[in-house]
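A.B. asks: Got a predicted model here, sequence first, then my questions.
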Amino acid sequence: MLMVMLEVYELLKNPFETLKIADELRKKVVGDVVTYVVNRNINFTDICINDCKFCSFRNKRQYILSFEEIKKKVEEAVEFGCTEVCIQGGLLPNANVDLYVSILEAVREVSKRIHIHAFSPMEIYHAARNSKMSVDEVLKIFKKEGLDSIPGTAAEILVDDVRMKTCPKKLKTNEWVQIVKTAHKLGIPTTATMMYGHVESWKDRIEHILLIKKIQQETKGFTEFIPLPFMWRNNELGEKFKGSSGFEDLLVIAISRILLYPEIKNIQASWVKLGVKLAQAALYTGANDLGGTLMEENISKAAGATSGEKLTPEEIKEIIVRAGRIPKQRDTLYNLLT
Ligand code: SF4
């Protein structure tokens with residue numbers, strides 16, 4: 001670990017060279033294809049018992065979608081041509097396994113085929129503790145009821161000192177790791193994320209990325225890595241920290257590509273968080289995926305994101321073409337569809 005840290009510090013001293021190395025690795029691993037997924041976000045509630053200091057979404061409108069409303073959103077997603085619904089929400093005080101299963105059932109009543117990418121490790125932890133069941137048991141039930149993959153959110157920075165300052169009530173690093181590994185063992189793939197640009201140091205970021213690499217070496221269950229810059233508006237952490245600069249965002253993408261080589265092939269540039277133009281630039285610093293069309297986005301918008309909350313497939317394709325790359329639609333698991 002120490003050696004890698006020192007190597008990364010060397011890379012950070014030569015940032016332009018680092019961006020170039022990352023771009024070369026991207027080309028070697030995935031060529032000039034840039035992927036995107038046609039999907040819909042569904043945030044079924046903003047009510048939450050946690051109080052993460054970076055959260056601008058929690059308890060703002062105090063809404064809970066009915067199962068009928070969820071079904072309507074899935075119907076619209078199917079009509080739009082979505083291959084995936086991404087479902088996450090706040091932590092309702094009494095949310096147990098039955099609640100999450102009812103959400104899966106509501107989706108499956110509308111579509112047997114749509115890929116259900118749902119429930120963060122924090123939500124899975126919450127369901128398990130409220131139902132007095134093990135994570136293994138909960139995940140087996142969710143899988144049987146139609147869960148296809150899990151968003152690797154709630155990772156924030158996987159260093160407990162940082163978590164104590166930013167999200168003290170959230171699951172700890174080791175709990176996140178165990179849930180993700182259990183999912184992978186059960187054949188449920190996940191993404192991996194990192195939310196950076198607040199109290200953490202480069203050392204914390206490197207530790208986080210190396211932990212993701214280590215899990216991937218063991219399980220091969222991550223589909224992609226998604227660096228997410230901290231959005232600072234309307235939350236407590238934002239009173240002290242104003243997030244990363246655009247150049248730092250590009251460097252984080254580049255360091256992620258370099259450190260995760262060759263274990264993780266896909267590095268996503270989130271257009272919602274970065275903005276479309278910076279996401280295009282990130283395609284030259286290690287990223288090879290632009291994420292989803294989303295149809296709606298509530299979490300970044302609440303924290304001040306101004307890039308919009310939906311793109312049509314035509315718009316996302318045009319963004320990729322104008323960046324000089326080859327657009328390809330993918331499914332959640334990175335199978336190419338076009
Ligand atoms: S980030 Fe998630 S768990 Fe934390 S307060 Fe917001 S909604 Fe709740």
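C.D. replies: Structure received.

A.B. asks: Can you check the pLDDT for whichever residue of the stretch 201-338 of the chain sits closest to the ligand?
C.D. replies: Closest residue of the stretch 201-338 of the chain to the ligand, C-beta to the nearest ligand atom: I299 (7.8 Å). Quick note: C-beta positions are derived from backbone N, CA and C, even for glycine. In this model, I299 is scored at 82, pLDDT.

A.B. asks: Do I have it right that it meets N43?
C.D. replies: Yes: contact criterion C-beta atoms under 8 Å: I299 and N43 qualify, at 6.8 Å.

A.B. asks: quick one: common contacting residues for these two?
C.D. replies: Shared contacts of I299 and N43 (C-beta atoms under 8 Å, 6 or more residues apart in numbering): F57.

A.B. asks: Assumed Y36 was part of a helix.
C.D. replies: No: residue state for Y36 (DSSP: H, G, I helix; E, B strand; the rest coil) corresponds to strand; a helix is not indicated.

A.B. asks: quick one: pLDDT of it?
C.D. replies: pLDDT, Y36: 98.

A.B. asks: How much space separates it from I267?
C.D. replies: 14 Å (C-beta to C-beta, to the nearest Å).

A.B. asks: Then S300?
C.D. replies: S300 is 19 Å from I267, by C-beta to C-beta.

A.B. asks: For the two, indicate the residue with more neighbours.
C.D. replies: I267 (28 against 21; other C-beta atoms under 10 Å).

A.B. asks: Which pLDDT value goes with the more buried one?
C.D. replies: So, for I267, pLDDT stands at 98.

A.B. asks: Got phi/psi on it?
C.D. replies: phi -120, psi 120 (degrees, to the nearest 10).

A.B. asks: What ranges does the stretch 101-250 of the chain have for its helices?
C.D. replies: For the stretch 101-250 of the chain, applying DSSP state H, counting those that start in this stretch gives helices covering 121-131, 135-144, 160-166, 173-185, 202-219, 246-260.

A.B. asks: G152: what's it in contact with?
C.D. replies: Per C-beta under 8 Å, 6+ apart, neighbours of G152: 120-121, 180, 190-193, 222, 226.

A.B. asks: Repeat that for T306.
C.D. replies: Contacts of T306 by C-beta under 8 Å, 6+ apart are G275.

A.B. asks: try it again with 10 Å
C.D. replies: 233, 272, 275, 300 (C-beta atoms under 10 Å, 6 or more residues apart in numbering).

A.B. asks: Please apply the same query to L260.
C.D. replies: Applying C-beta under 10 Å, 6+ apart, the residues near L260 are 25, 29, 192, 209-210, 212-213, 216, 222, 224-225, 266-267, 286.

A.B. asks: List, one by one, the residues from the stretch 151-300 of the chain near the ligand.
C.D. replies: Proximity of the stretch 151-300 of the chain to the ligand, by C-beta under 6 Å from any ligand atom, involves residues C167.

A.B. asks: Quick check: phi and psi at I87.
C.D. replies: phi -120, psi 120.

A.B. asks: From what I see, it and L147 are in contact.
C.D. replies: Yes: with contact defined as C-beta atoms under 10 Å, I87 counts as touching L147 (9.4 Å).

A.B. asks: what's the overlap in contacts for the two?
C.D. replies: What both I87 and L147 touch, as defined by C-beta under 10 Å, 6+ apart, is the set 100, 103-104, 107, 116-119.
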